[in-house]
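> Got a sequence here, can you build the structure:
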Amino acid sequence: MKILFISDIHGVTNNLSYIKELDNKSHFDKIIVLGDLYYAGPTYNREFEIDSLKVKDFLMSYQDRIIGLKGNCDSDVDIKATDFPICDNLALIHTDDLDLYCTHGDTYSMSKNRKFVGKHGVLIYGHEHIPYIKQEDGMTYVCVGSISVPRIGKPTYAIYQDKVITIYTIDNEIVDKIKLD
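Numbers count the residues shown, from 1 in each chain. The predicted structure follows:
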């Protein structure tokens, strides 16, 4: 299975065409949006094109393959207006004998992992806007960063395929990579 993970769009449209081109080339089986889909807030500067309706239309074009997670900035009204599944806290994908736990990152993350102590699998999230892959006590933690508003560096996303997770920048530079057993 080939899965694209993006997070923290925040209503920003700047990189949607990049994601569309990437999907056209790679033909992902699933697209996982790890929360903070529409809300932009007052703090973003004018370098971003913000249009939540355009983001919604873009995501709806993948509704047959998309799984969404609710982020801390997503309102109940926005979630109800979206016609694809959006999970509240956690989604589980079991593939290639691996458990991929998907969440936004505000409730579960490497620093908030007590429910995952003693488990084996991968917790994939955004929220922090800083990409990394780390391992601890049998769990792998993957923060995919943000496709729109990174805290450092360039916008990022992650791809899972054949037990490998790779985080890329939108310039196709590899940020981090792990082969899972």
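
> Can you name the residues in contact with stretch 74-93?
3, 30, 32, 35-39, 52, 56, 59-60, 62-63, 66-70, 99-104, 107-108 (Cβ atoms under 8 Å, 6 or more residues apart in numbering). Quick note: C-beta positions are derived from backbone N, CA and C, even for glycine.

> So which of the residues you listed belong to helices?
52, 56, 59-60 (DSSP state H).

> which of these are buried?
Buried subset of the ones in helices among the contacts of stretch 74-93 (neighbour count, 16 or more other Cβ atoms under 10 Å): 52, 56, 59.

> Which of the contacts of stretch 74-93 are buried, as a PyMOL select command?
Of the contacts of stretch 74-93, the buried ones go into a single PyMOL selection, burial set by 16+ other Cβ under 10 Å:
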select buried, resi 3+30+32+35+36+37+38+39+52+56+59+62+66+67+68+69+70+100+101+102+103+104+108
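
> burial count for residue 8?
29 (other Cβ atoms under 10 Å).

> Report the spatially closest residue to it, excluding sequence-adjacent ones.
Residue nearest to residue 8 in three dimensions, not counting chain neighbours: residue 146, with 3.7 Å by Cβ to Cβ, 6 or more residues apart in numbering.

> Could you check how far the residue of the chain positioned farthest from its centre is from residue 129?
In the chain, residue 118 marks the outermost C-alpha relative to the chain mean, sitting 24.2 Å out by Cα atoms, centre = their mean. Distance from residue 118 to residue 129, counting by Cβ to Cβ, to the nearest Å: 29 Å.

> now residue 12, nearest residue through space, not along the chain?
residue 148 (3.7 Å).
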